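Asks: Fold the following, please.
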Amino acid sequence: MQEHEMVEKRYEWARGAALEEHSRRKHKILREYLFEYLVVRCRLPQQSRFRLAIVDGFAGGGRYRCGAAGSPIIILEELKHAVETVNLDRAAQGLGQIAVECLLVLNDFSADALESLKTHLAPVQAEIAASMPNLHVRVDYLNQPFEAAYPAIKQLLEAGRYRNVLFNLDQCGHSRVDRRTLIDIMRSYPSVEIFYTFAIEALVAFLQKSAPDLLAAQLQHLDIEPGNLASLEGAISKGSWLGAAERIVFETYRNCAPFVSPFSINNPDGWRYWLIHFANFYRARQVYNNVLHENSSAQAHFGRSGLNMLSYDPRHETGALYLFDLSGRQQALGQLLEDIPRLVSESGDAIPVSDFYESIYNSTPAHADDVHQAIIDNPDVEVLTPVGGERRKANTIAVGDILRLKNQKSFFPMFLGPATGVRSE
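Replies: Now for the predicted structure:
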């Protein structure tokens, strides 16, 4: 067994797996994000059908010892919930019903887990078939390590020409999903997102061998020996450790997707488990941030809370714990008021709102409502509509609008040093 696999924990589904608190928090985020994802993707009045594929790479046995649903059942329940909600809303608006077609691919290395899963999933599938004429689900089972199963999974998705794909990769440690596979997933489908879970000790153990310089640079300000995994225990519940771990995670995975959320599953007794959301479009990250705020304290961030969340220097600055709660949101608003005009000024004096979103959502934990309120409240920024009018309410800001600096001299000039080359007289 490799060193970085020693911290992995395998569930015993045949005897009934215990549901741990970090899994409970993770499942709640997954459940609510799936619902919001489907509601957002089924909003077009002209739609009558939406197709997607969901891949659960470490599907487990379906239910825990306490009876709580595992991720495959959560997925089916939220498909059902979302289709019911969307079609009730469409009926109220006088719109036609929308049908959702979903390919659900469930893989697990454990044959015992799959047998348990099939038993627990059968009544949920039967209920959907009997009562949900607008929800069509096909379930395919695979029984392999995820990396071995991935080529077959990819063939299934390509054969079905699925454009909208979600992967739930809830591994025990770190070693079971290759970083190259994450990159391949994110580049293979027009609309794809990944939920990726791992134990931070496993990542640190892996980096000790594969990227020791990166690890040493991030841990140098802490009382942690990069070569000694046991030394994490003394620091793992400190905010400074959480901040360092976030940067390690972000630096390790930042090239996997345009939008990477490096937030830990919150546990004040020790931040050990990470739930990362990978997305190709800012809108997905925007929705994910909003879901986290509806589940305050489920995930944690340490550092800044404005538009540059990982930019603070732990050697010279005091970071703060951001738990996506009301006090954190107030803290974020204060920083957003400073950060927003500075970002606009980096483009000159105006920037389309769509470009602004693209610029910020890989580097902020903020709720969309707080970003919009900070724009409206900002004395240095105004929001112009496509026809030149001014927005005065936060909830009216649209992607086609323009953010523009008001007459403000304090941001200029922004040259890094003396100008060189040709000068105009």
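
Asks: looking at it, L343 is touching D355, isn't it?
Replies: No - with contact defined as Cβ atoms under 8 Å, L343 does not count as touching D355 (10.2 Å). Where you see a C-beta, it was placed from the backbone N, CA and C, and this is true even at glycine.

Asks: Looking at these two, which has the bigger crowd around it?
Replies: Using other Cβ atoms under 10 Å, the more surrounded residue of L343 and D355 is L343, with 19 against 15.

Asks: Enumerate every residue touching the more buried one.
Replies: Counting by Cβ atoms under 8 Å, 6 or more residues apart in numbering, L343 touches L307, I351, F356, S359, I360.

Asks: elements contacting the helix or strand that contains A129?
Replies: In this structure, A129 sits in helix 111-131 according to DSSP states H and E. Where contact means 3 or more Cβ pairs under 8 Å, 6 or more residues apart in numbering; DSSP states H and E, helix 111-131 is packed against helix 71-92, strand 99-107, strand 135-142.

Asks: What number of residues are in the vicinity of F167?
Replies: By other Cβ under 10 Å, neighbour count at F167 equals 25.

Asks: what's the closest non-adjacent residue to F356?
Replies: Closest residue to F356 apart from its sequence neighbours, by Cβ to Cβ, 6 or more residues apart in numbering: L403 at 5.6 Å.

Asks: any idea how far Q155 lies from A59?
Replies: 18 Å (Cβ to Cβ, to the nearest Å).

Asks: repeat for Q93
Replies: Distance from Q93 to A59, by Cβ to Cβ: 36 Å.

Asks: for R272, same thing?
Replies: Using Cβ to Cβ, we find R272 at a distance of 22 Å from A59.

Asks: The two: who's more crowded?
Replies: A59 (27 against 19).

Asks: Need the three-state assignment for Y196.
Replies: Secondary structure state of Y196, per DSSP: H, G, I helix; E, B strand; the rest coil, is strand.

Asks: give the contact list for it.
Replies: F167, L169, V177, L182, L275, I276, H277, F278.

Asks: mind running it again at 6 Å?
Replies: Contacts for Y196 (Cβ atoms under 6 Å, 6 or more residues apart in numbering) come out as L169, I276.

Asks: The helices and strands packed on helix 111-131: which one's closest to I265?
Replies: Nearest to I265 among the helices and strands packed on helix 111-131 is helix 71-92; the distance by Cβ to Cβ comes to 14.5 Å.

Asks: State the number of residues packed around Y273.
Replies: 20.

Asks: ditto for A17
Replies: Residues lying near A17 (other Cβ under 10 Å) number 22.

Asks: and it, that's in a strand?
Replies: No - under three-state DSSP, A17 falls outside any strand and is assigned coil.

Asks: Going forward, count from 55.
Replies: Sure thing, new numbering starts at 55, so read that last one as A71.

Asks: ok, it to I405 distance?
Replies: Distance from A71 to I405, by Cβ to Cβ: 49 Å.

Asks: do S381 as well
Replies: Between S381 and I405 the computed distance is 30 Å (Cβ to Cβ).

Asks: And these two? Which one has more around it.
Replies: Neighbours were counted for S381 and for I405 using other Cβ under 10 Å; I405 has more, 20 against 12.

Asks: How is that one classified with respect to secondary structure?
Replies: strand.

Asks: List the residues that contact it.
Replies: Here I405 is in contact with V398, L457 (Cβ under 6 Å, 6+ apart).

Asks: How about it: which residues does it bridge to?
Replies: Counting by DSSP bridges, I405 is bridged to L457.

Asks: Next, work out how far apart it and P312 are.
Replies: Counting by Cβ to Cβ, the gap from I405 to P312 is 18 Å.

Asks: now the strands: where do they sit in the stretch 305-454 of the chain?
Replies: 313-315, 318-319, 327-333, 353-357, 374-376, 404-406, 435-438 (DSSP state E, counting those that start in this stretch).

Asks: Comparing the helices and strands packed on helix 165-185, which comes out most buried?
Replies: Neighbour counts (mean count of other Cβ atoms under 10 Å) averaged over each of those peak at strand 153-161, with a mean of 21.

Asks: For it, name the packing helices and strands.
Replies: Under the contact definition 3 or more Cβ pairs under 6 Å, 6 or more residues apart in numbering; DSSP states H and E, strand 153-161 sits against strand 103-110, helix 125-146, strand 189-196.

Asks: Now do it: everything it contacts.
Replies: Contacts of strand 153-161 (Cβ under 6 Å, 6+ apart): 103-111, 113, 126, 133, 137, 188-196, 203, 207, 214.

Asks: Which residue would you name as the spatial centre of this structure?
Replies: For the chain, the residue sitting closest to the mean C-alpha position, by Cα atoms, centre = their mean, is H331 at 2.4 Å.

Asks: so where is the stretch 255-404 of the chain shaky, pLDDT-wise?
Replies: Along the stretch 255-404 of the chain, the parts satisfying pLDDT under 70 run over 271-289, 366-372.

Asks: one more time with 90
Replies: Along the stretch 255-404 of the chain, segments meeting pLDDT under 90 span 255-306, 316, 318-327, 349-351, 354, 356-376, 381-382, 385, 400-403.

Asks: Quickly find the element holding K263.
Replies: helix 254-264.

Asks: Buried residues in that helix, which are they?
Replies: I254, E255, A256, L257, V258, A259, F260, L261, Q262 (16 or more other Cβ atoms under 10 Å).

Asks: quick one: which of the residues you listed is nearest N349?
Replies: N349 lies nearest to I254 out of the buried residues of helix 254-264, by Cβ to Cβ, at 20.3 Å.

Asks: show me the contacts for the closest one.
Replies: A299, R326, W328.

Asks: Dump those to TSV, plus distance to A176.
Replies: Shown next, in TSV, are the contacts of I254 (distance: Cβ to Cβ, whole Å):
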residue	distance to A176
A299	40
R326	34
W328	33
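
Asks: Between these, which sits nearest E348?
Replies: Out of these, the member with the shortest distance to E348 (by Cβ to Cβ) is W328, at 20.0 Å.

Asks: these two touch, right, the closest one and P316?
Replies: No - judged on Cβ atoms under 6 Å, W328 makes no contact with P316 at a distance of 7.3 Å.

Asks: Next, show the common contact partners of the two.
Replies: Listed contacts common to W328 and P316 are V303; contacts here mean Cβ under 6 Å, 6+ apart.

Asks: between those two, who's got more neighbours?
Replies: Taking W328 and P316 together and counting by other Cβ under 10 Å, W328 has the greater number of neighbours (26 against 23).

Asks: which residues does the more buried one form a beta bridge with?
Replies: Under the criterion DSSP bridges, W328 forms beta bridges with F252, S318.

Asks: Let me see the contact set for it.
Replies: W328 sits in contact with F252, I254, V303, S318, where contact means Cβ under 6 Å, 6+ apart.
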